[in-house]
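Asks: Sequence first, then the predicted structure:
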Amino acid sequence: MITVKHLQKSFSGIPVLHDVNVEIGKGEVISVIGPSGTGKSTLLRCLNLLERPDSGEIVVDGKNILQPGTNAAGLRAKMGMVFQQFNLFPHLTAEENIMLAPHSILKQSKAEARARARELLETVGLADKRNALPDELSGGQQQRVAIARTLAMNPEIVLFDEPTSALDPTMVNEVLSVIRNLAKTGITMMIVTHEMRFAREVSTRVLYMDEGVVYESGTPEEIFEHPKRPRTRAFIRRLDMLCFSLERSDFDLYHFRGRVDDFAAGQFVGPRMRNAIQLVLEELLENLLFPRAASVRLEIGISVETKETEILAAWDGDAENPLNGTDEAGALSRMILAKRCPDGSFSSRDGRNELILKLPAQPEPNNGK
């Protein structure tokens, strides 16, 4: 349905999108998640040409819409968009707001547009508010009218740009409930959202964006339960990260331990847990990885909420899981890691190895209290 290839966009010379590549299939519900300022909303605005990309392709039904001569208004009729702000006309009733575009752009008769508006108000649970002006509606009700207004144009895909971000928390669920029901109808949707539970429930696919790229893509289960890449894991699990590129030839254990301890203390990790982290890292690096690799990429993530620590080590070399080695020198280290980190996992692809260790939080002594 829609193919995005090598999309790039900058504002005032500052890159926002870098080489974005996305496929959107008919009937998919795609949630776009990620930190603020990573290009999520800009991607949506580029799709329907509210922003003009600097380069790349957006192919809709086989046609690159970035080619000269594209009918932007016609495209937007096919690609509806629901914004953070409701943007309803304040002098028009809910019904009139929904009728306006079908009557003026699609050339529907007033009777036809009115019948469709009432049908859609019923769909979003606001049939009794058809004569209300926007300032007589709550924020959640206004956003539901805005959704109905978008649907009135019979779009092939609906883009939602953080549709609940401007709402009071008490109104969020009413809007999400409407979108959930729409997802069941089979309409194609792309939703930028910070509502993680909602994204997990409603999506057929989730895109995690970071630093202007689609950093990882997968099913909700893959992204929320088994994220493969470190920044995705950090975002999903709310990890604060510390990263190292370590060289065996000039590795300074005491400097390394000092940085790790400062980082862990800054996350309010207690001394027992900090000692456990240090033990795991020392055994892993000095006795298992450095004998195998000249350099190691290390990422340490500590959960903001639980203090569980995740360690990702990456290195080039033979596809050999160091936790399953048979060398006698590393036997004690493997035993220590197996006890401390029972959920370790290893993967290898094209000569690049990754080992992930998860260290459960350690209870701290109560000092006799």
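Replies: Yep, it's here. Numbering: from 1, shown residues only.

Asks: and Asp343, what does it touch?
Replies: 357-358 (Cβ atoms under 8 Å, 6 or more residues apart in numbering). For every residue, glycine as well, the C-beta is placed using N, CA and C.

Asks: Helix or strand: which one has it?
Replies: Here Asp343, judged by DSSP states H and E, is contained in no helix and no strand.

Asks: Please tell me how far it sits from Gly25.
Replies: 34 Å (Cβ to Cβ, to the nearest Å).

Asks: Repeat that for Lys184.
Replies: 17 Å.

Asks: quick one, which of the two is more surrounded?
Replies: Legend: neighbour count by other Cβ atoms under 10 Å for Lys184 and Gly25, higher for Gly25 (12 against 9).

Asks: burial count for the residue lying closest to that one once chain neighbours are set aside?
Replies: Counting by Cβ to Cβ, 6 or more residues apart in numbering, Met1 is the residue found nearest to Gly25 once chain neighbours are left out, at 5.7 Å. A count of nearby residues for Met1, using other Cβ under 10 Å, gives 15.

Asks: Provide a list of residues in contact with Met1.
Replies: 24-26, 60-61, 156-157, 188.

Asks: how much space is there between it and Ala152?
Replies: For Met1 relative to Ala152 (Cβ to Cβ), the value is 21 Å.

Asks: again, but for Leu239
Replies: 43 Å.

Asks: for Ile187, same thing?
Replies: Taking Cβ to Cβ, one finds Ile187 at 13 Å from Ala152.

Asks: contacting residues for Val38?
Replies: Not Val; residue 38 is Thr. 209-212.

Asks: So which of those is the closest to Val32?
Replies: Closest approach between the contacts of Thr38 and Val32, by Cβ to Cβ: Met209, at 6.0 Å.

Asks: Could you check which helix or strand contains that closest one?
Replies: Using DSSP H and E, Met209 falls in strand 205-210.

Asks: among the helices and strands of this protein, which has the poorest mean pLDDT?
Replies: Lowest on mean pLDDT, DSSP states H and E among the helices and strands of the chain sits helix 72-78, with a mean of 74.

Asks: What's the first helix or strand after it?
Replies: Next along the chain from helix 72-78, counting by DSSP H and E, comes strand 79-82.

Asks: The strand holding Met209 - what's its average pLDDT?
Replies: Mean pLDDT, strand 205-210: 96.

Asks: tell me what that strand is packed against?
Replies: Judged by 3 or more Cβ pairs under 8 Å, 6 or more residues apart in numbering; DSSP states H and E, the packing partners of strand 205-210 are strand 29-33, strand 213-218, helix 220-225, helix 230-236.

Asks: among those, where is the model least confident on average?
Replies: Mean pLDDT across these is lowest at helix 230-236; the value there is a mean of 87.

Asks: Run through who's touching that helix.
Replies: Here helix 230-236 has contacts from 33-35, 196, 208, 210, 215-216, 223-224, 227, 239-241, 299, 301, 310, 312, using Cβ under 8 Å, 6+ apart.
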